[in-house]
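In: For reference, the sequence and a predicted model appear below.
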Amino acid sequence: LAGSAASLHFSARTGVSVGASGAVFGVAGALLVAVFHHRRRLPRLFGRRTLGGIGFFVVYSLVQGLAPGVDNAAHVGGLLAGAALAFILPERFDLAHFRASVGFRAPLAVLFIVVATTVVGFTAPRAPFDLSEAFAANVALERGLAEFSQSVQVLEQEAREVRSGKLGELEADERSRQVHAPRFVRLVAQLSAIALPVNDPRAPLLDAALRVAQLLQETLAMESRIVDGKPVSVDPARSAAIDAELARLNTQIVRLAAQRKPPR
């Protein structure tokens, strides 16, 4: 409990704690205090070996816990709580003394843990962002980028069919407003709803993909007029501006996407 409370107070704002590190260090802390406190009653060799072994484990683990991503607060919280309980609870070397004091010390130990965990837990600073929302944003981002890639590939495939003669230009022009523009309206809404954490390195990629989707939605929905049997944009200047911005954004997206790929 103390390890979890310490983890919540000091580490939960930036990471997730898993495992039983608080309980393990609680036992280690209790053993260290108990063996040191009663070292005169224990065999000298046993006491030295126990203190040395547990001490090495504690120091080594705490040093390893300084690495990024390791929740050292749970280690320290469990260690201190275990040490404190070893001081409070009576030893069993003298059964008469144990029976006389356990009725008072056991409730005191429970009270200590309840008060300590409550105070440490309820005074924990507010997290800078919600981890559950961050995980949900990860899923939404991957789905949104996958839908973005698929939608663009459909447009590219249809453009190849127009060039090969499999699809007429007039039919493709009509499909741009009836089929593809509504799809990109939904895609823009999907990408706009993604809320990444502050300073997320993927934000530039999301912003670029959203802007491309907005531009494609605009150009696909744009009306056209027929000139010599071919569809021509009713606003050539705006169409040219969109094409220029799309070319710049496509280069940016390729660069950002390459940065996301892990090195081989």
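Out: Sure thing, it's come through.
In: What segments of this protein are strands?
Out: 224-227, 230-233 (DSSP state E).
In: List the residues that contact L170.
Out: Contact partners of L170, counting by CB atoms under 8 Å, 6 or more residues apart in numbering, are I226, G229, K230, P231. The way it works is simple: take the backbone N, C-alpha and C, and place the C-beta from them, glycine included.
In: ok so, going back, JSON lines please, covering the strands of the chain and showing distance to A146, mean pLDDT and mean neighbour count.
Out: Formatted as JSON lines, the strands of the chain follow (distance: least, CB to CB, whole Å; pLDDT from 0 to 100; neighbours: other CB atoms under 10 Å):
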{"stretch": "strand 224-227", "distance to A146": "30", "mean pLDDT": "90", "mean neighbour count": "12"}
{"stretch": "strand 230-233", "distance to A146": "30", "mean pLDDT": "90", "mean neighbour count": "14"}
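In: Please enumerate residues in contact with stretch 23-43?
Out: Residues outside stretch 23-43 that contact it (CB under 8 Å, 6+ apart) are 2-3, 47, 50-51, 54-55, 57-58, 61, 74-83, 85-87, 91, 93.
In: thinking again about what came up before, can you redo the strands of the chain as JSON lines with distance to E171?
Out: JSON lines is the format used below for the strands of the chain (distance: least, CB to CB, whole Å):
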{"stretch": "strand 224-227", "distance to E171": "13"}
{"stretch": "strand 230-233", "distance to E171": "10"}
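In: Select, out of the ones you listed, the one closest to A203.
Out: Nearest of the strands of the chain to A203, taken as CB to CB: strand 230-233 at 32.1 Å.
In: Quick check: which helices or strands does that closest one pack against?
Out: Packing partners of strand 230-233 (3 or more CB pairs under 8 Å, 6 or more residues apart in numbering; DSSP states H and E): helix 169-175, strand 224-227.
In: which one of these lies closest to T117?
Out: So among these, helix 169-175 is nearest, using CB to CB, at 63.0 Å.
In: The nearest residue to E245 once chain neighbours are set aside - how many residues pack around it?
Out: Nearest non-adjacent residue to E245, counting by CB to CB, 6 or more residues apart in numbering: L215, 6.1 Å away. Number of residues near L215 (other CB atoms under 10 Å) recorded here: 18.
In: cool, R49 as well?
Out: 12.
In: what's the answer for Q217, then?
Out: Around Q217 there are 20 residues (other CB under 10 Å).
In: Kindly report the same for the one 5 residues further on.
Out: The number of residues packed near M222 is 16, by other CB under 10 Å.
In: so how far is A241 from the closest residue to it other than its chain neighbours?
Out: Of all residues not flanking M222 in the chain, S233 sits nearest, at 5.9 Å (CB to CB, 6+ apart). Using CB to CB, to the nearest Å, S233 is found at 11 Å from A241.
In: ok, now V212?
Out: 14 Å.
In: picking that back up, and the contacts of L170, which two are the farthest apart?
Out: Largest pairwise distance in the contacts of L170, by CB to CB, is 9.0 Å, between G229 and P231.
In: ok so, going back, the residue nearest to E245: what's it in contact with?
Out: Shown here is L215, whose contacts under the criterion CB under 8 Å, 6+ apart are I242, E245, L246, L249.
In: so the last one makes contact with L210?
Out: Which is L249. No - using CB atoms under 8 Å, L249 is not in contact with L210, being 10.0 Å away.
In: what's the neighbour count on V58?
Out: Neighbours of V58 (other CB under 10 Å): 18.
In: got the contact list for it?
Out: By CB under 8 Å, 6+ apart, V58 lies in contact with F25, A28, G29, L32, L79.
In: got those residues as JSON lines, with pLDDT, distance to L220 and neighbour count columns?
Out: Below are the contacts of V58 laid out as JSON lines (pLDDT from 0 to 100; distance: CB to CB, whole Å; neighbours: other CB atoms under 10 Å):
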{"residue": "F25", "pLDDT": "80", "distance to L220": "60", "neighbour count": "28"}
{"residue": "A28", "pLDDT": "82", "distance to L220": "65", "neighbour count": "21"}
{"residue": "G29", "pLDDT": "82", "distance to L220": "66", "neighbour count": "25"}
{"residue": "L32", "pLDDT": "81", "distance to L220": "70", "neighbour count": "20"}
{"residue": "L79", "pLDDT": "84", "distance to L220": "62", "neighbour count": "27"}
